[in-house]
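Peer 1: The sequence and its predicted three-dimensional model are supplied below.
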Amino acid sequence: MTLAPQRRFVTPQPDETLEALAARALPGEPLEAAMEQIRGWNLHIFAMRRPRGLMLGSDVVFVEAPLA
């Protein structure tokens, strides 16, 4: 049995901001574009959590689009 491909993700480091996470996880992308992609792929963090965008060390932050 082989494992199915998994969507890439990272976990935030202590006190890491979205900007720092985007720069670390998507270094080849312009910063603003990387931040928008991460927001769009992680609505569980950026739309539903209060305060909005608060990242916890236990969060799974997806850094690629959903696999089809």
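Peer 2: Happy to help now that I have it.

Peer 1: By mean pLDDT, which helix or strand of the chain comes out lowest?
Peer 2: helix 43-46 (a mean of 89; mean pLDDT, DSSP states H and E).

Peer 1: List the buried residues in that one.
Peer 2: Using 16 or more other C-beta atoms under 10 Å as the test for burial, helix 43-46 gives Ile45, Phe46. Heads up, the C-betas are built off the backbone N, CA and C, glycines and all.

Peer 1: Can you name the residues in contact with that helix?
Peer 2: Residues outside helix 43-46 that contact it (C-beta atoms under 8 Å, 6 or more residues apart in numbering) are Ile38, Arg39, Arg52, Gly53, Leu54, Met55, Asp59, Val61.

Peer 1: Let me see the ranges of the helices in this structure.
Peer 2: For the chain, the helices defined by DSSP state H cover 18-25, 31-41, 43-46.

Peer 1: Restricting to C-alpha, output the shortest one in CSV.
Peer 2: This points to helix 43-46. As requested, the backbone C-alpha atoms of helix 43-46 are provided in CSV (Å, rounded to 0.1, in the frame of the first residue of the first chain):
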residue,chain,number,x,y,z
LEU,A,43,-9.8,30.1,6.2
HIS,A,44,-9.9,28.1,9.5
ILE,A,45,-7.3,30.6,10.8
PHE,A,46,-7.9,33.8,9.0
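
Peer 1: coming back round to it: most neighbours of all the contacts of helix 43-46, which one?
Peer 2: When neighbours are counted by other C-beta atoms under 10 Å, Ile38 leads these with 23 neighbours.

Peer 1: Local confidence estimate at it?
Peer 2: For Ile38, the pLDDT comes out at 96.

Peer 1: isn't it right up against Glu19?
Peer 2: No: using C-beta atoms under 8 Å, Ile38 makes no contact with Glu19, being 10.1 Å away.

Peer 1: Measure how far the least confident helix or strand of the chain is from the centre of its chain, please.
Peer 2: 9 Å (C-alpha atoms, centre = their mean, to the nearest Å).

Peer 1: now stretch 24-43
Peer 2: In terms of C-alpha atoms, centre = their mean, the centre of stretch 24-43 is found 7 Å from the chain centre.
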